[in-house]
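A.B. asks: model this:
(chains A and B)
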Amino acid sequence: MMYQKMLTSLLLGTMLVGPAMAQDNMDKLTNMQKTDATFTFVDQEGDRAESLKKIAEQINLPDGFEASLYAVVPDARSMAMAPQGTVLFAGTRKDKVWSIVDRDRDRVADQVKDFAPSITFDIPNGPCFSPDGFLYIAERNRVLVFPAAEFFFEGPDPAVGVVVAQGELVPEAEESFNHTARVCDIGPDGKLYISLGQPYNVQPIEKIEMYDEIGIGGIIRINTDGTGREVYTRGVRNSVGQDFNPATGELWWTDNQVDGMGDDIPPGELNRQTAAGQHFGFPWTNSRVEIVSEADAPRPEGVEFVEPQLELTAHAADLGMRFYHDKSFPEEYHGGIFWAQHGSWNRTTPVGARVMFTALDPETGDAMGAQVFADGWLDESTGEYRGRPMDIEFLPDGSMLVSDDFAGAIWRIAYNPKPAE
Amino acid sequence: MKSAVITILGGLLLAGGAHAEDLGDRDEGRKLASQCRTCHGLDGYAQIPIAPHIGGEPASYIRAQLTAFRDGTREHEMMSIVAKMLSDQQIADLAAWYSGHRVQVALTQDPSAAPEQCVACHGADGLHVAEDVPNLAGEANIYIDTQLKAFRNGKRQHDIMTPMAQSLSDSEIREIADWYADIGLEIELVE
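C.D. replies: Numbering: from 1, shown residues only, chains lettered A, B, ... in the order given. So this is what the prediction gives:
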């Protein structure tokens, strides 16, 4: 009792100012009022930028492509380009969302600063835009919306609304740090799709049913006002990359597979979803590798597990993905999928740290096969990473951006073939 | 009341000290650290936000945590897998390697504003004041936040940290996390 009392008095002295302020800020911002928050700017010149430019020289690409440093962005994770192409947003697994601007359009960012410094973010990994310019940010356990973010980002106090309140994305008892890097997308139906990784390597059997009902180890969809929640995708382990095929409206997503079964199984996955509610097998299967036996936990009734489109290098960590629907890359890339492989964390010989590509079969719409598009972020002589690609986005000119949370950079890959001599 | 907390720590300290400190072989630890460095760095400076900085931690703390991951009394999706195959000797070797690096911190705030319930063990500057206590300087705020919540909800257990965390609200936890995350940390690799 006395202990409690002592703590309380200490807290009054040292800490109450902060939390009260943070809550006030949310209240103020939802009422379009000002706070006294200030920006953190990231230096785009100097030693850091110079050493990153040297890494860009190590990136291997198909003929005619060039890699360069687009921006210095600490901890850069999932990205979202504003619909009018004015500003790029990148989430982190820490407490910042970065706004990245190239005002002079020379394809190198000239201003990187934190977005909405007045808000206390908690693992704001996943930004995504609606076509009409609402920026959604999926955090560990909350979803916020910022109307007209591509204009309001210039000031420290953007308008904000709460889509999913703190603690309502997943039960607080299921919160973790790992596997809580959410990604989001607005679907062709105008709903918000949010991945919810399950926090374990393999979830305990007694949690399988609860997770399935909530959509942990799945992808949920909700209306953009937070209502109408349903589990859209079942049987996922931890997906940190998704995109809708603009040609068909189908959701495709990557998945990260079970650790601790050896260097070469289970394979990574690229999945194609053709209907709401499909089940992709986890935790019973990863691809065709059995994880939890039916003897230990009965499979859900009335579902057939959907097999992955592609089985990928085990433990390479396939993360952010995007369909290519611009024009400046050669035609063989049009309509295909690029995705980032983050690289393995405990494989005996490291693999990954690449950008991968697959074309789709024009008849069936299925993925035709993974090929390496870009590599060189892994120093194979020492097994050390120079960088770790995390997500893919595109500039309005059709060139590619690759976020890298290890190097703290966003790389640009452009097609600039040398004219024939 | 503060003195009571220190007395409890004193007891823990003695228990920790009962293990011989110099059992670990740093050269062996350095070799084993190739399994750790993708996340924790060879010098113990974390490479990803979900991993803590472990360079310069007390060997007793590193040993206790690796043992807890191995034995299943502390769980983490990644650490439970890698620790499972470690012997006592290997744990001691890793603790010797990582604890042996030199740590420097830069506290720019007024130390008197440090969270008072933490400083007796973790210091105002986030450097351990006692054995079997982690450094907190420069950890990602979300890491500290996550650990305090794990103590609060029982996922992680500790005689002192459990009741401490149970008395904290979400925003109080974040304030503490921000204090320690804000401290500059450099780790100098010592061969």
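A.B. asks: centre-most residue in chain B?
C.D. replies: Most central residue of chain B, judged by C-alpha distance to the mean C-alpha position with CA atoms, centre = their mean, is residue B:134 at 2.7 Å.
A.B. asks: cool, and chain A?
C.D. replies: By CA atoms, centre = their mean, the most central residue of chain A is residue A:78, 3.7 Å off.
A.B. asks: which residues touch that residue?
C.D. replies: A:90-91, A:125-127, A:181, A:183, A:240, A:320, A:390-391, A:403 (CB atoms under 8 Å, 6 or more residues apart in numbering or on different chains). Bear in mind the C-beta positions are built from the backbone N, C-alpha and C, glycine included.
A.B. asks: including secondary structure, could those go into JSON lines?
C.D. replies: Listed next are the contacts of residue A:78 as JSON lines, based on DSSP: H, G, I helix; E, B strand; the rest coil:
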{"residue": "A:90", "secondary structure": "strand"}
{"residue": "A:91", "secondary structure": "coil"}
{"residue": "A:125", "secondary structure": "coil"}
{"residue": "A:126", "secondary structure": "strand"}
{"residue": "A:127", "secondary structure": "strand"}
{"residue": "A:181", "secondary structure": "coil"}
{"residue": "A:183", "secondary structure": "coil"}
{"residue": "A:240", "secondary structure": "coil"}
{"residue": "A:320", "secondary structure": "strand"}
{"residue": "A:390", "secondary structure": "strand"}
{"residue": "A:391", "secondary structure": "strand"}
{"residue": "A:403", "secondary structure": "strand"}
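A.B. asks: how about the closest residue to chain A within chain B, secondary structure?
C.D. replies: Proximity of chain B to chain A (CB to the nearest CB) peaks at residue B:171, 2.8 Å away. When classified by three-state DSSP, residue B:171 comes out as helix.
A.B. asks: if I look at it, what pLDDT would I see?
C.D. replies: Residue B:171 is assigned 94 on the pLDDT scale.
A.B. asks: now, among the contacts of residue A:78, which is nearest to chain B?
C.D. replies: residue A:181 (9.0 Å).
A.B. asks: quick one: name the residues of the stretch 51-200 of chain A near chain B.
C.D. replies: Counting by CB under 8 Å from any CB of the partner chain, the stretch 51-200 of chain A comes close to chain B at A:75, A:92-95, A:120, A:122-123, A:140, A:166, A:172-173, A:175-179, A:199-200.
A.B. asks: just the buried residues of the residues you listed.
C.D. replies: Listed as buried from these are A:75, A:92-95, A:120, A:122-123, A:140, A:166, A:175-179, A:199-200; burial here means 16 or more other CB atoms under 10 Å in any protein chain shown.
A.B. asks: strands of chain B, start to end?
C.D. replies: Secondary structure of chain B by DSSP state E: the strands cover B:102-106, B:184-188.
A.B. asks: could you dump those strands to a markdown table with mean neighbour count?
C.D. replies: Listed next are the strands of chain B as a markdown table, based on neighbours: other CB atoms under 10 Å in any protein chain shown:
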| stretch | mean neighbour count |
| --- | --- |
| strand B:102-106 | 15 |
| strand B:184-188 | 17 |
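A.B. asks: including mean pLDDT and distance to residue B:166, could these go into CSV?
C.D. replies: Formatted as CSV, those follow (pLDDT from 0 to 100; distance: least, CB to CB, whole Å):
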stretch, mean pLDDT, distance to residue B:166
strand B:102-106, 96, 28
strand B:184-188, 97, 28
